[in-house]
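[1] Fold the following and give me the result.
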Amino acid sequence: MNRLSSSLSGFLFAAFCLTVVGGEPQYRIAEEIPLDTVPSWFPVGFSLLTHGDDQYAAYYNAKHQMVVAKRRLDQVTWQKVELPSKIGWDSHNYITMAIDGVGNLHLAGNMHCVPLIYFCTERPGNIATFKRLPMTGKKESRCTYPRFINDAEGNLLFMYRDGGSGVIVLDEETLETTSRKVTVQPEYARELQRPTIDFKGIRVKLANDLVLPPDDTTKYVLRWETLGANHDRPRQPPLPPASELKLIRLTRN
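    Okay, here's the model as predicted:
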């Protein structure tokens, strides 16, 4: 496939996250834009990506259907498209996205030792043109933990774990600049992290923008509420109501 380079080696990657209290500027909520309602009884990762004047969100709606939404940064209305993939309750099955050099959107997700689930737009920026595609057709039957990476030459790479659990280390010499970054979580407004659903165990979940802004005066996050993980088992009733999914624009004080 000429748009994307694919890694056939399985891998297990770790995200290194630090929370710095007082070390980063405090961000306040400047704008809240409603997006959809989403399941709250199991946690799973959603994806947010800003590219130029366009913003994309990928998530599972209250019907558990995979959805991609798009808006212009100067608008509050979303264009939405449902993709032919539906989640059950597995927290492994997060969604991730990337933009390639010509502006096509790449998306992968809803995978836990299952055949590759990968979509790409056929026209740059047009989410109505998403099409499910293979990569190379090899080692794509038991995929988990998808990840897009830009290498030092600007190529868009796709990586995932092939097969069951285990530790396979990436080539740190060639991917050192992208695979070993430490993400520092800024301190956000307290009200952003306060649950509104009255149900025992509910917590706030945030998805940071996959693209760093040109400066640190404005940040975007997706916000929703969910219970914690249930150790790879479906949770039994009673279950909390669906959560509001919102895009939050944050600005520095």
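
[2] C-alpha from now on. contacts and neighbour counts both.
    OK.

[3] helix or strand for Asn230, which one?
    For Asn230, there is no host helix or strand (DSSP states H and E).

[4] Just give the closest residue to it, not the sequence neighbours.
    Phe42 (7.3 Å; CA to CA, 6 or more residues apart in numbering).

[5] correct me, but Ala98 touches Phe148?
    Yes - in this structure Ala98 lies within contact range of Phe148 using CA atoms under 8 Å: 6.4 Å.

[6] how close does the closest residue to Pro124 other than its chain neighbours get to Phe119?
    The shortest distance from Pro124 to any non-neighbouring residue, by CA to CA, 6+ apart, is to Asn104 (4.2 Å). Asn104 sits 10 Å away from Phe119, going by CA to CA, to the nearest Å.

[7] Would you check how far apart the residue nearest to Asn230 and Ser91 are?
    7 Å.

[8] quick one: common contacting residues for those two?
    Residues touching both Phe42 and Ser91 by CA atoms under 8 Å, 6 or more residues apart in numbering: Ala229.

[9] about what we covered before: neighbour count for Ala98 and Phe148, which is higher?
    Relative neighbour count places Ala98 above the other of Ala98 and Phe148, with 26 against 20, counting by other CA atoms under 10 Å.

[10] What are the neighbouring residues in contact with the spatially closest residue to that one that is not a sequence neighbour?
    Excluding its sequence neighbours, the residue lying closest to Ala98 (CA to CA, 6+ apart) is His106, at 5.2 Å. Taking CA under 8 Å, 6+ apart as the criterion, His106 is in contact with Met97, Ala98, Ile99, Asp100, Tyr118, Phe119, Cys120, Thr121.

[11] what do you get if the cut-off is 6 Å, keeping everything else the same?
    By CA atoms under 6 Å, 6 or more residues apart in numbering, His106 lies in contact with Met97, Ala98, Phe119, Cys120.

[12] check contacts around the third one.
    So the one you mean is Phe119. Contacts here follow CA under 6 Å, 6+ apart; on that basis Phe119 touches His106, Leu107, Phe130, Lys131, Arg132, Leu133.

[13] Tell me the pLDDT of the second one.
    Turning to Leu107, the model gives it a pLDDT of 98.

[14] Quick one: distance of stretch 102-115 to the chain centre.
    Relative to its parent chain, stretch 102-115 has a centroid offset of 10 Å by CA atoms, centre = their mean, to the nearest Å.

[15] Next, the distance between the ends of it.
    27 Å.

[16] could you point out which element follows the host helix or strand of Tyr220?
    Element membership for Tyr220, per DSSP H and E: strand 218-226. Proceeding N to C from strand 218-226, the next assigned helix or strand is strand 243-252, under DSSP H and E.

[17] Could you list the paired strands of that next one along with their orientation?
    strand 27-38 (antiparallel), strand 218-226 (antiparallel) (DSSP bridges).

[18] Could I get the buried residue list for that strand?
    Going by neighbour count (16 or more other CA atoms under 10 Å), the buried part of strand 243-252 is Ser243, Glu244, Leu245, Lys246, Leu247, Ile248, Arg249, Leu250, Thr251.
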